[in-house]
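S.K.: need coordinates for the below:
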Amino acid sequence: MSSQDTDQDVRVVAVVLIAAILLAVGVALGFGISKARSGGAPEAAPAAAAVVPAVAAPVAVAAPVGDDASVVVDQGVVKFYFASGKADLAPGALDALGDAVAAAKGGKKLVISGFHDTTGDPAKNAELAKQRAFAVRDALKGAGVDEAAMELKKPEEAAGGTGANAEARRVEVVIAQ
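M.R.: Residues are numbered from 1 along each chain as shown. Predicted coordinates:
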């Protein structure tokens, strides 16, 4: 047998192994999302959501204008916006987390940061930002992400945003490099 035949055999085996791994990850992700949708995810607020699919190309997305919960994907960062005084996830939250869930199951770490607006009591706002981050963490856990793959990180400037309070009331999920 020549070395060319051996090289070709190794390539075929490598392609088959990669395909099997991708299939296993896809099946596991499908089961996790299915399980989360059947009751493992936190209850969502009954509000209209601006959902951008996780497979969309990176584009700038405008922040919410109203006081409804919503979720958007902005250049690979999943941003959850919350109604004032609430920590309920918007409908479609798990759909927007597809890439993040896959990355976490593939060995990457997810960094979850909660922000708040500047209205009202600062201590209550900080606690609410933490509860919102926990709600996102719990949704990820419901989708099958191991808690060790997530890091809750308090941002240096928790009062997030440069303008509207609706933009400041958010949690961001970033896939760490």
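
S.K.: which helix or which strand is home to Val111?
M.R.: Element membership for Val111, per DSSP states H and E: strand 110-114.

S.K.: list the pairing partners of that strand within its sheet, with orientation.
M.R.: strand 150-152 (parallel), strand 170-175 (antiparallel) (DSSP bridges).

S.K.: which of the residues in the last one are buried?
M.R.: Right, strand 170-175. Neighbour-count burial for strand 170-175 flags Arg170, Val171, Glu172, Val173, Val174, Ile175 (criterion: 16 or more other Cβ atoms under 10 Å). Backbone N, C-alpha and C define where each C-beta goes, glycine included.

S.K.: is the last one in a bridge, and if so with what?
M.R.: On DSSP bridges, the residues paired with Ile175 through beta bridges are Leu110.

S.K.: check contacts around it.
M.R.: Gly76, Asp99, Ala100, Ala103, Ala104, Lys108, Lys109, Leu110, Val111 (Cβ atoms under 8 Å, 6 or more residues apart in numbering).

S.K.: if we use 6 Å, what do you get?
M.R.: By Cβ atoms under 6 Å, 6 or more residues apart in numbering, Ile175 lies in contact with Ala100, Ala103, Lys108.

S.K.: ok, those residues vs Phe80, which is closest?
M.R.: Ala100 (11.4 Å; Cβ to Cβ).

S.K.: surely that closest one meets Val173?
M.R.: Yes - assessed by Cβ atoms under 6 Å, Ala100 is found in contact with Val173 at 5.2 Å.

S.K.: adding distance to His116 and mean pLDDT, write the strands paired with strand 110-114 out as JSON lines.
M.R.: Shown next, in JSON lines, are those (distance: least, Cβ to Cβ, whole Å; pLDDT from 0 to 100):
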{"stretch": "strand 150-152", "distance to His116": "15", "mean pLDDT": "94"}
{"stretch": "strand 170-175", "distance to His116": "9", "mean pLDDT": "93"}
